[in-house]
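Colleague: coords please:
(one chain, ligands or ions: 2)
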Amino acid sequence: MDKSAKFQNRHFVVVRRFNKPAGGDMGNLNDGLFLVKCRDDGRYYIEKRLMPRDIMNGHALYEYQALKHVIKHPNILSVVACDLDKRRAYGSIWMEYCSLGALDMVIARYRERRAYIPEPFIWSVFGAISVALCYLYTGVDVELEVGNRQTIPPVRGSSSWDKVYHRDIKPGNIFLTEYSTSGEVYPKPILGDFGCAALQSDINRGRRGIAASRFSPAFEPPENRSGTGAYKATSDIYQLGLVIHCMARNLVVPDQNARGDRPVGGPYTSELNYLVRKCIDYDYSRRPHPSELPHLIDVASQRADSQIRRSLAPLPRWALP
Ligand SMILES: Nc1ncnc2c1ncn2[C@@H]1O[C@H](COP(=O)(O)OP(=O)(O)O)[C@@H](O)[C@H]1O
Ligand SMILES: [Mg+2]
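Modeller: Ligands and ions are numbered 1, 2, ... in the order given. Predicted coordinates for the structure are as follows:
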């Protein structure tokens, strides 16, 4: 059956269907991704068609609502529209298009070439996603707090902010796009795929338990494996630490044996090794909190800069689509 007619939204025209990108995880949780053009502003967006079962069980609507809650952050994927028909079990979400794909593809390209991802790019992803997580937990955009300071400060969140747990941070869910301003060397990292996310208020009401989550097992935090559903503020930090470990070691999934004291390995600075080790500590209470991680990364990356004497060259052409 041709379902495309059902999905026509008068604001968007389908340009093409996305095929599974080389090395990309392409998510197994959606029913197709399409590049679409908006009739109103002439810009490109992505349409994500949702699985019928997710529409029926409320998962799909949740993803949209979680994204809507956090819509205003430069490192978080913005969502522009949603159409769900629960009765007929079809629906789509329309969102910002990240033209440079996802981080898992960059890792795959470096892996093919047996090359190391440059440390400054790793810090830029680490920093950007930490800023996104800080926002999800505190409601504060730390970049706006910098002012005249030399470094990003730790922040204090407001108690009224409804925290968002992403719960599925992995390379395939970190997207890359071009900065709208010139002068940036690397692509801009954007946290996407809120299909496993949970709002604190819903967890408190028992509406969004761990059972509702479909973690990628390789990135699952140890506290979650206890079966108690004890997802913590630092559980997302653990997953971010594993992403950085995968970038540094060109891995699709974390290598349990290569973590140890030097989770990112020899070619990288001790500052990067130290901070990633803190993030992937088995004890969730010893990991940095999302409200302080951007600060810690800023300080450590400035220190690392002096060691690696940053020569900032753009990523090679073969590393990106
Ligand atoms: N807005 C987007 N811009 C660019 N690529 C995207 C976008 N959304 C998804 N993708 C690509 O599709 C893949 C799967 O999308 P995702 O939202 O993670 O779906 P799923 O819930 O099925 O995992 C991503 O890893 C990425 O390669
Ligand atoms: Mg995904």
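Colleague: Bridged to D85, which residues?
Modeller: With DSSP bridges as the criterion, the beta-bridge partners of D85 are Y90.
Colleague: wait, it sits on G91?
Modeller: Yes. Contact status for D85 versus G91: in contact at 5.8 Å, counting by Cβ atoms under 8 Å. C-beta: built from backbone N, CA, C; applies to glycine.
Colleague: Quick check: neighbours shared by these two?
Modeller: Common contact partners of D85 and G91 (Cβ atoms under 8 Å, 6 or more residues apart in numbering): I55.
Colleague: give me the number of residues near I169?
Modeller: Residues contacting I169 under the criterion other Cβ atoms under 10 Å number 25.
Colleague: meant to ask about K232, not that
Modeller: Neighbours of K232 under the rule other Cβ under 10 Å: 16.
Colleague: Kindly report the same for F194.
Modeller: With neighbours defined by other Cβ under 10 Å, the count for F194 comes to 27.
Colleague: element containing it, please.
Modeller: Counting by DSSP states H and E, there is no helix or strand that carries F194.
Colleague: okay, it: pLDDT?
Modeller: According to the model's per-residue confidence, F194 sits at a pLDDT of 88.
Colleague: The strand ranked longest in the chain near ligand 2 at all?
Modeller: Secondary structure of the chain read by DSSP state E shows that its longest strand is strand 30-38. No. Where contact is defined by Cβ under 5 Å from the ion, no part of strand 30-38 touches ligand 2; the two come within 7.8 Å at best.
Colleague: returning to that earlier point: compare D85 and G91 and say which one has the larger neighbour count.
Modeller: Residue environment comparison for D85 versus G91 gives the larger neighbour count to G91, 23 against 12, counting by other Cβ under 10 Å.
Colleague: so the more buried one sits right up against L84, yeah?
Modeller: Yes. Here G91 lies in contact with L84, judged by Cβ under 8 Å, at a distance of 3.5 Å.
Colleague: Could I get the full set of strands for the stretch 151-300 of the chain?
Modeller: Assigned strands in the stretch 151-300 of the chain, in chain order: 164-165, 174-177, 188-191, 198-199 (criterion: DSSP state E, counting those that start in this stretch).
Colleague: contact partners of the second one?
Modeller: Surrounding strand 174-177, the residues in contact under the criterion Cβ under 8 Å, 6+ apart are 77, 96-103, 106, 125, 129, 187-192, 243, 320.
Colleague: Same question for the first one.
Modeller: Residues from elsewhere that reach strand 164-165 (Cβ under 8 Å, 6+ apart): 66, 69-70, 136-137, 194, 197-200, 203, 231, 233, 235-236.
Colleague: let's see it at 10 Å
Modeller: Taking Cβ atoms under 10 Å, 6 or more residues apart in numbering as the criterion, the residues outside strand 164-165 that touch it are 66-67, 69-70, 76, 133, 135-137, 139, 194, 196-200, 202-203, 208, 213, 231-233, 235-236.
Colleague: related to what we said a few turns ago, please identify every residue contacting each of G91 and L84.
Modeller: With contacts taken as Cβ under 10 Å, 6+ apart, the residues that reach both G91 and L84 are 50, 54-55, 60-61, 64.
Colleague: near ligand 1, from these?
Modeller: Of the entries in the shared contacts of G91 and L84, not a single one is placed beside ligand 1 under the rule of Cβ under 6 Å from any ligand atom.
Colleague: So which of the residues you listed is surrounded by the most neighbours?
Modeller: When neighbours are taken as other Cβ under 10 Å, the top entry among those is A60 (29 neighbours).
Colleague: For my notes, confirm it occurs in a helix.
Modeller: Yes. Counting by DSSP: H, G, I helix; E, B strand; the rest coil, A60 falls inside a helix.
Colleague: now it: how far from F18?
Modeller: Applying Cβ to Cβ, to the nearest Å, the value for A60 to F18 is 18 Å.
Colleague: Could you say which helix or strand holds D83?
Modeller: With DSSP H and E as the criterion, D83 is inside strand 79-85.
Colleague: Flag every buried residue along that strand.
Modeller: Residues 79-80, 82-84 are the ones in strand 79-85 that count as buried (16 or more other Cβ atoms under 10 Å).
Colleague: cool, stretch 67-77 as well?
Modeller: Neighbour-count burial for stretch 67-77, counted by 16+ other Cβ under 10 Å, picks out 67, 69-70, 73, 75-77.
Colleague: ok so, going back, which of the contacts of strand 164-165 count as buried?
Modeller: Buried residues within the contacts of strand 164-165, defined by neighbour count using 16+ other Cβ under 10 Å: 66-67, 69-70, 76, 133, 135-137, 139, 194, 196-199, 202-203, 208, 213, 231-233, 235-236.
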